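>>> For reference, the sequence and a predicted model appear below.
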Amino acid sequence: MIVTSEEVREALDARRPVVALESTIIAHGLPRPDNLQVALELEETVREEGAVPATIAVLDGRPHVGLDKGGLERIANEDGIRKLGHRDLPLAVAAGASGATTVSATALLAARAGVRVFATGGLGGVHREWTVTQDESADLGLLARTRITVVCAGVKSILDVPATLQRLETLGVAVAGYGTDRFPGFYLSDSGHPVDWTLDSPEQVAEVMRAQDALHVPDASLVVANPVPEEEQLDPALHARVLAEALRACESEGVTGQAVTPFLLAYLVRHTGGASLAANLAAVRGNVRLAGRIAAAWTGA
Ligand code: PSU
Ligand code: MN
């Protein structure tokens, strides 16, 4: 059912490092034409760290772990590429549809294929106004049930960050700051909230992963929250102002469901003159590089 590319399969069989990459950020999180360039560059970054990239998406009803250039091009440029959470996977398969995978769908497919390390930008989570909309990303529930290490710049700052941290605690998902005791804020280096644990090297992360397995902790993820470097973060005052505008626009335009996150990210890009895009890319690049190092420490490469 899952098509694992030959390169990824060989690396996994030989216990060489592999990093899973999601595709929603390419199809729905970043504007064209930068998105294809970014997808290719992120794969190259994984390779620079000695690991094999496994970008994940569904093409014509077949879930792929490891895309070739043609597959990346389709995800980046084809119209009608859907956004697939894990609940959508069987529906997309049966319909023969093509779609980009969110964190939840990517984590599920990566884990099924035997990939333990995954890099993304920012996790989905509990949205502001949750008490009214009940909008909580399916990312959280899936990460509570899947043994994978996710390297991210925290959760997207468009969310209710403290509520999301609370949900992660309730769900039993382990969270550690990488080189920091502050929870990163996606576009910002610091969300304003602390984390209880700090990890300072890829080897330390790999030790936690081994301890998860040795203790038979019920399947749950390890979130490695890696801040965007301060000199590359979005100006916090600009972030606060434009985000407030974006949230108002989202409400007045009646945007709901799966469309909320792409709408807010695109609004920020337009109204910060591209500065939010630069910060988003800096965060993702850093996460992908760190994920490559963690994958190497994990496989003992
Ligand atoms: N990180 C980014 N850009 C993105 C996303 C993550 O830098 O677009 C995507 C991820 O795929 C994540 C999704 O799973 O946004 C969350 O969407 P929702 O809130 O609808 O669950
Ligand atoms: Mn949502």
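Happy to help now that I have it. Worth saying up front: this structure is predicted, and the values here are computed from it rather than measured. Numbers count the residues shown, from 1 in each chain. Ligands and ions are numbered 1, 2, ... in the order given.

>>> For the rest of this, base every contact and every neighbour count on C-alpha atoms.
OK.

>>> so the closest residue to Val255 other than its chain neighbours is in which element?
Of all residues not flanking Val255 in the chain, Phe263 sits nearest, at 7.7 Å (CA to CA, 6 or more residues apart in numbering). Assigned by DSSP states H and E, Phe263 belongs to helix 260-271.

>>> count of residues packed around Ile2?
Look at Ile2: counted by other CA atoms under 10 Å, it has 13 neighbours.

>>> for Leu199, same thing?
Leu199: 19 surrounding residues under other CA under 10 Å.

>>> if I look at the residue nearest to it when sequence neighbours are not counted, how far off is Leu67?
Counting by CA to CA, 6+ apart, Tyr178 is the residue found nearest to Leu199 once chain neighbours are left out, at 5.0 Å. For Tyr178, the distance to Leu67 equals 29 Å [CA to CA, to the nearest Å].

>>> These two: which is more packed in?
The neighbour comparison of Tyr178 against Leu67 (other CA under 10 Å) goes to Tyr178, with 26 against 22.

>>> Could you list the contact residues of the stretch 151-300 of the chain toward ligand 1?
When proximity is defined by CA under 6 Å from any ligand atom, the stretch 151-300 of the chain lies next to ligand 1 at 258, 261, 280.

>>> Only whichever of these are buried, select them in ChimeraX.
In ChimeraX, this line selects whichever of those come out buried by 16 or more other CA atoms under 10 Å:
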select :261,280
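
>>> Would you mind giving the residues of the stretch 151-300 of the chain next to ligand 1 as TSV with pLDDT added?
Supplementary listing: these in TSV, determined by pLDDT from 0 to 100:
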residue	pLDDT
Gln258	90
Thr261	92
Asn280	95
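
>>> correct me, but Thr55 touches Lys69?
No. With contacts counted by CA atoms under 8 Å, Thr55 stays clear of Lys69, the gap being 10.5 Å.

>>> what sits against the spatially most central residue of the chain?
Centroid-nearest residue in the chain, with CA atoms, centre = their mean: Thr120, separated by 2.7 Å. Listed by CA atoms under 8 Å, 6 or more residues apart in numbering, the contact partners of Thr120 are 21-22, 25, 103, 150-153, 284, 287-288.
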